[in-house]
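In: my questions are about this predicted structure, shown below with the sequence.
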Amino acid sequence: MFKVTPNPPDTDPVPYDAALDPKKMKEAADRALNYYLNPAALAAPPSSPKFRPVYLVDPTLDDETLLVEACESLSFAHAMAGNIANSIGGPERKPLLALQQVIMLNELLVNRLLDKRKLPQ
């Protein structure tokens, strides 16, 4: 049995558009490939991005100052959680009281660490 058409049919793999200039298409493809696959850029060490954190703790602060600040923050959080828990009632109050207790326990831990640091002086 003889087939009239070849298998697969002879067609252009990419439809040709007269508006597309082959030279411009090659330049665009080369630019894209150079941008993504440029071996010279891969060999160079990556430049560090400009890292601007929203919150930055001063690295020159000593441990005692950091602990004092943490203790004060926990103390404020303990007071706020207690005030909120006292202003509401019902089942919503119990989770707030538990949160207040966790904050208080962490505040006690930080205070204990501060006390240990002050003893050798």
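Out: Structure's in. What do you need?
In: tell me the contacts of residue 24?
Out: Residue 24 sits next to no residue when contact means CB atoms under 8 Å, 6 or more residues apart in numbering. Every residue, glycine included, has its C-beta placed from N, CA and C.
In: could you measure from it over to residue 100?
Out: Distance check for residue 24 against residue 100: by CB to CB, to the nearest Å, it reads 69 Å.
In: which strand or helix spans the residue lying closest to residue 107 once chain neighbours are set aside?
Out: If the residues on either side of it in the chain are set aside, residue 107 comes closest to residue 74, at 3.9 Å by CB to CB, 6 or more residues apart in numbering. For residue 74, the enclosing helix or strand under DSSP states H and E is helix 63-87.
In: mind listing what's buried along that helix?
Out: Across helix 63-87, burial judged by 16 or more other CB atoms under 10 Å covers 70, 71, 74, 77, 78, 81, 82, 85.
In: give me the residue at the spatial middle of the protein.
Out: residue 53 (10.5 Å; CA atoms, centre = their mean).
In: phi, psi for that residue please.
Out: phi -70, psi 150 (degrees, to the nearest 10).
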